[in-house]
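[1] Fold the following.
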Amino acid sequence: MEHALQLDVEAMRRAGYATVDALVARLADPRADPVLRRAAPETMQALLGGGAPEGPSDYSDVLARVARDVLPYASRTDHPGYFAFVPSFTTWPAALAELVAAASNPYCGAWMESAAATQIELEVLGWFRDWLGMPAETAGLLVTGGSAANLTAMLVAREAAGGPSDASVVYLSDQAHSSLPRTARAMGLRPEQIRVLPSDAQWRLTPSAVRAAVQADRRAGRVPVAVCASAGSTNTGTVDPLGALADVCAEEELWLHVDAAYGGFAALTADGRTALSGIERADSVTLDPHKWLFQPMECGSVLVRDGALLERTFAIHPDYLDDNDAHGIGEVNFADRGLQLSRGFRALKIWMSVQTFGLAAFRDTIARNIELAQLAEQLVRERPELTLAAPAALGIVCFRREWPGCTEDETVARGAALVASLAQTGDALVSTTRLAGRHAIRLCVLNPTSAEQDVRRVIDHFADADAPAARTSLDPAPEARSDAVAATDSVGGSTEGWAGELRQVALLSTLSAAGLHDLVACAQLVDVAAGEAVVRQWEADRSFYVVLSGTYEIDVDGEIVRAAGAGDFFGELAARDWGGGYGYARLATVWCTQAGRLLLLPGASFRTLLDQEPSLRAQIEAAVAERLRRT
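    The predicted structure is shown next:
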């Protein structure tokens, strides 16, 4: 029966051939286009804006418009010089598998409607399980990406712990992926229910920090639930000490989740297996095939050691799906194992590409990526203009260009300008990050097309470039706040004397009048006796303190790391927003050694003030960079 949304057979063939020809022409030479082509919103609106057409158009015209007005305005992740963020290269068999899956359009939520597709997904998940060395009872599913996988895993962890609880606490590193605080927000976890713990000098989450924080929370009546570790952090590629963290989790009866979204597939290589040792002991693991298994987006996955927990967490059986219930032994309904009821055929692209190329081709490509990152580290070490910020780990290396006498703000501005000028050449693209509050350039090699010459070009660019201007149009100078607001009365009475005293504190001396007014309006004065603990390590409180008088000692794990007197400050790490409204746990105990007075600023008020006062923010960021290195 003909219908309005039908093409005849010959029209379908012509459209298919034309589409394949256009894509093959595009993919044949990744260097033909710049690695990134930006566009202004008004340009995109002019090219693509307008209402939905009422009448039909010829498919060839629509395809030509896509080739001309859509595909060019993007980054080319298949470009050999694409080293930014986490590249997502794909293969042609995987792309064709997407066409097959989209055209056949099976429903992959129930065995009844997609037995073969379900079996292929089971096979692919079995590969992943075996590559990581997890036990036979491990189960999982394919999802949209690492964010959905992390959310799925943490919902299962919560269910395994007995369900939602206002007292539950989850622990993660300051190098954790941003999807984890987003997951926490989606789960309704309050700021005091997330413990952001400091990484060590190698950017790893330490078992000792986890154990100490867990024990402190138990003493406070809280309920530790899960630890989130990284197997290839997005910032540096670092792998946390998974075996030792598994030991702590076993001792403390905690769920161990490992975010191996990009790094997990390094397990296919000898070096990767060594780096990922201990991942086989995880309770859940996130893997993203659309990263280092070279699949098209969207394709993530989650594995759960006790696979039965997936259905215990997610299975719901409404009356209208009675016919879809699994009946036979071995029948699996993936809709019962995750958040999605409507599911596509994600597994086909993985299965077809591995069947086509064989596993050795993927293994060799990953190994080559790791070697190129190690080459980048070597080149950085050979150039005196560059400083290694984090050594090569699972395809990522971080470094920075140094200019004698430059402040950190100036280094950030110049580094950003060099990143922009590299992108403008069209030959390469890298991204930036911050490590312990300090600017770093980040090079990520996850691309089969990248070669030694591409890595050398990037390192040479940063080492040889002349110093750029202090600021560019991409990094405008912050505007100072107006000084029009004078000191006024507050709930506590006249602020004139107090404001004058605060002006004498170096940290606060550059505040605008409006900023000082806001500070006085929300701050408190706290008198402290000698011998009193102002804050204790691992507490959830996030207040910021300025010392007005008295002396204090900062104690980290029983070691006095510094003293503080009038004009000093502490608590900036806990008070700052790490991400999603969550922040560090208290990383030190502060003892009063000589009675004095403190200015206490609630964490939320402190964060608002930082947003409004650039000079204060710069001083705090400098302190964070220094103190994180010593924590």
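[2] List the residues that contact residue 556.
    Residues near residue 556 by Cβ atoms under 8 Å, 6 or more residues apart in numbering: 537, 587, 588, 589, 631. In this view, the C-beta of every residue, glycine as well, is placed from N, C-alpha and C.
[3] And for residue 164?
    Going by Cβ under 8 Å, 6+ apart, residue 164 touches 158, 187, 188.
[4] Which residue ranges of the stretch 401-550 of the chain form strands?
    Using DSSP state E, counting those that start in this stretch, the strands of the stretch 401-550 of the chain run over 431-435, 438-444, 489-490, 493-494, 524-528, 533-535, 544-547.
[5] I'd like these written out as CSV, with mean pLDDT added.
    As requested, those are arranged in CSV below (pLDDT from 0 to 100):
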stretch, mean pLDDT
strand 431-435, 95
strand 438-444, 96
strand 489-490, 34
strand 493-494, 40
strand 524-528, 94
strand 533-535, 96
strand 544-547, 97
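[6] Can I get these in TSV including mean neighbour count?
    Output for these, formatted as TSV (neighbours: other Cβ atoms under 10 Å):
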stretch	mean neighbour count
strand 431-435	17
strand 438-444	23
strand 489-490	12
strand 493-494	10
strand 524-528	14
strand 533-535	18
strand 544-547	24
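[7] Buried residues in the helix or strand harbouring residue 211, which are they?
    Under the criterion DSSP states H and E, the helix or strand holding residue 211 is helix 207-219. By neighbour count with 16 or more other Cβ atoms under 10 Å, helix 207-219 contains the buried residues 207, 209, 210, 211, 212, 213, 214, 216, 217.
[8] Repeat that for stretch 376-385.
    In stretch 376-385, counting by 16+ other Cβ under 10 Å, buried: 376, 377, 379, 380, 383.
[9] same question, stretch 357-369
    By 16+ other Cβ under 10 Å, the buried positions in stretch 357-369 come out as 357, 362, 363, 365, 366, 367, 368, 369.
[10] do the same with stretch 590-603
    590, 591, 592, 593, 596, 598, 599, 600, 601, 602, 603.
[11] With stretch 416-425 instead?
    Buried residues in stretch 416-425, counted by 16+ other Cβ under 10 Å: 416, 417, 418, 419, 422, 423.
[12] and that stretch, average pLDDT?
    Regarding stretch 416-425, the rounded mean pLDDT is 96.
[13] Tell me how far that stretch lies from the chain's centre.
    Remark: stretch 416-425 is offset 23 Å from the chain centroid, using Cα atoms, centre = their mean, to the nearest Å.
[14] now, the most widely separated pair of the contacts of residue 556?
    For the contacts of residue 556, the maximum inter-member distance is 12.7 Å, found between 589 and 631 (Cβ to Cβ).
[15] what about this structure, any weak spots by pLDDT?
    Along the chain, the model assigns pLDDT under 70 to residues 1, 469-497, 629-631.
[16] centroid residue for it?
    Nearest residue to the geometric centre of the chain (Cα atoms, centre = their mean): residue 177, 2.7 Å.
[17] Look at the residue nearest to it when sequence neighbours are not counted and tell me its secondary structure.
    Of all residues not flanking residue 177 in the chain, residue 234 sits nearest, at 5.3 Å (Cβ to Cβ, 6 or more residues apart in numbering). Following DSSP: H, G, I helix; E, B strand; the rest coil, residue 234 is assigned to coil.
[18] Next one: residue 234 relative to residue 531, how far apart?
    Per Cβ to Cβ, to the nearest Å, residue 234 is found 44 Å from residue 531.
[19] One more: residue 282?
    Using Cβ to Cβ, residue 282 is found at 44 Å from residue 531.
[20] Who has more neighbours out of the two?
    residue 282 (28 against 10; other Cβ atoms under 10 Å).
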